[in-house]
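>>> Attaching a predicted model along with its sequence, questions to come.
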Amino acid sequence: MLAREPVPQEVLAAYGLEHLEFGMNYVVPKPLDRRVCLWEAPAVAQAAVESSVARLPLDIGRYKATLEERLLRN
């Protein structure tokens, strides 16, 4: 679960925080945490494939790699 992982300094700075950790006040990752894209988007895509909602086949590994490349470019 992403919320249990250490929060990157860039996220803390974006929200003006010095510290943030999983607990009552932090269960859902912050929207400005770029890692959300790498955790949530593939999970949603995988669920779509498994439930037959996806109309096209999807290579989840390749999808994750593409997301990582895009994040590294920005």
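The structure has been received and is ready for your questions.
>>> Quick one: low-confidence residue ranges for this structure.
For the chain, no stretch is flagged by pLDDT under 70.
>>> neighbouring contacts of the longest helix seen in the chain?
Counting by DSSP state H, the longest helix found in the chain is helix 35-50. With C-beta atoms under 8 Å, 6 or more residues apart in numbering as the test, helix 35-50 has contacts from 2, 5, 8, 29-30, 53-54, 57-58, 60, 63-64, 67-68, 71. The C-beta positions use only the backbone N, C-alpha and C, and glycine is treated the same way.
>>> Return the members of the residues you listed classed as buried.
Buried subset of the contacts of helix 35-50 (neighbour count, 16 or more other C-beta atoms under 10 Å): 29-30, 64, 67.
>>> re earlier: just after the longest helix of the chain, pick out the following helix or strand.
helix 60-73 (DSSP states H and E).
>>> sorry, back to before: nearest to Leu20, of the buried ones among the contacts of helix 35-50?
Lys30 (7.8 Å; C-beta to C-beta).
>>> any idea how far the closest one is from Val11?
Note on Lys30: its distance to Val11, by C-beta to C-beta, to the nearest Å, is 6 Å.
>>> okay, and the common contacts of those two?
Shared contacts of Lys30 and Val11, counting by C-beta under 8 Å, 6+ apart, come down to Leu20.
>>> circling back to that earlier point, dump the buried ones among the contacts of helix 35-50 to CSV, plus distance to Ala45.
What follows is these, written out as CSV (distance: C-beta to C-beta, whole Å):
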residue, distance to Ala45
Pro29, 18
Lys30, 22
Lys64, 9
Leu67, 10
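>>> with the residues you listed in mind, which one is nearest to His19?
Lys30 (13.1 Å).
>>> okay, now the domains of this protein?
Domains of the chain are assigned by automatic domain parsing as 1-30, 34-74.
>>> quick one: the first one to chain centroid distance?
If I follow you right, that is domain 1-30. 13 Å (C-alpha atoms, centre = their mean, to the nearest Å).
>>> for the longest one, same thing?
Taking C-alpha atoms, centre = their mean, the mean C-alpha location of domain 34-74 is offset from the chain mean by 10 Å.
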